[in-house]
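Peer 1: here is a sequence with its predicted model. Questions after.
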Amino acid sequence: MRRRIGSLIAAGAVAAGSVLLSGTTPAQAAPVPCTGKEENVQVFAGSNVNRVDVKLCGWRTVDEDTVQGFSEIDWLIEDPDITFSKFKIQTRVEKRAAADGKDTVVDSATCDITKALNSAAEPRYPEQCHPAAVVWYDPKYWWSTDATVTYDVEGDGKGDITWELSGSPLVHTPPLVHAR
């Protein structure tokens with residue numbers, strides 16, 4: 001019995017290692033498509049050391065056949081005079097009927113990260129904003145994650161600024177065929 005349990009543990013470790021080496025998890029159909037590192041960057045006070053980077057990711061899960069997406073916000077603010085009175089991100093899971101079609105919002109979440117952004121020159125871990133609903137995958141559509149940031153830098157006299165981000169790569173794959 002112990003030998004059988006040991007064999008099962010070893011087989012599980014090999015399977016998990018194979019999954020991790022391929023860059024996917026069991027719940028993903030492929031590596032998570034995200035925007036590039038330099039695609040959504042906002043620079044403050046004319047210096048690259050005062051910046052906010054936002055990565056948008058969207059993918060189709062295999063186990064549940066759902067669509068999921070999130071935004072990940074990272075920053076480096078070295079100027080102590082840069083303080084935000086507002087920094088909110090609205091993250092949306094969207095679908096469209098054609099690759100070049102108009103987006104329809106399926107789910108969204110708005111996250112306020114003002115306090116986190118003002119509390120550290122750079123985060124220990126990037127902040128994330130996830131829409132929470134279960135969105136069932138439909139192969140008739142192209143899917144993506146999109147976001148809009150609204151921020152206000154204290155004392156700059158500009159008020160609220162809206163920043164429209166470049167969305168994640170489109171996800172469009174054929175229906176899954178489950179072996180029975």
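Peer 2: Thanks, I have it. Residues are numbered from 1 along each chain as shown.

Peer 1: quick one: contacts for residue 99?
Peer 2: Neighbouring residues of residue 99 by C-beta atoms under 8 Å, 6 or more residues apart in numbering: 142, 170, 172. From N, CA and C alone the C-beta is placed, and that goes for glycine too.

Peer 1: if we go to 7 Å?
Peer 2: By C-beta atoms under 7 Å, 6 or more residues apart in numbering, the contact list for residue 99 reads 142, 170.

Peer 1: cool, and the one 4 residues further on?
Peer 2: With contact taken as C-beta under 7 Å, 6+ apart, residue 103 is in contact with 94, 96, 146.

Peer 1: by neighbour count, which of these wins?
Peer 2: Most neighbours among the contacts of residue 103, by other C-beta atoms under 10 Å: residue 94, with 24 neighbours.

Peer 1: residue 41 versus the residue nearest to it when sequence neighbours are not counted, what's the distance?
Peer 2: In this structure, residue 94 finds its nearest non-sequential neighbour in residue 103, 4.1 Å apart by C-beta to C-beta, 6 or more residues apart in numbering. Per C-beta to C-beta, to the nearest Å, residue 103 is found 22 Å from residue 41.

Peer 1: quickly list the domain ranges of the protein.
Peer 2: 1-26, 32-164 (automatic domain parsing).

Peer 1: tabulate the ones you listed in CSV, adding columns for mean pLDDT.
Peer 2: Putting the domains of the chain into CSV (pLDDT from 0 to 100) gives the following:
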stretch, mean pLDDT
domain 1-26, 40
domain 32-164, 93
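
Peer 1: look up phi and psi at residue 85.
Peer 2: phi -90, psi -20 (degrees, to the nearest 10).

Peer 1: so it touches residue 157, yeah?
Peer 2: No - assessed by C-beta atoms under 7 Å, residue 85 is found out of contact with residue 157, at 12.0 Å.

Peer 1: who has more neighbours, these two?
Peer 2: residue 85 (14 against 5).

Peer 1: identify the residues contacting the more buried one.
Peer 2: Neighbours of residue 85 in contact, by C-beta under 7 Å, 6+ apart: 152, 154.

Peer 1: right, I'll call it a day here.
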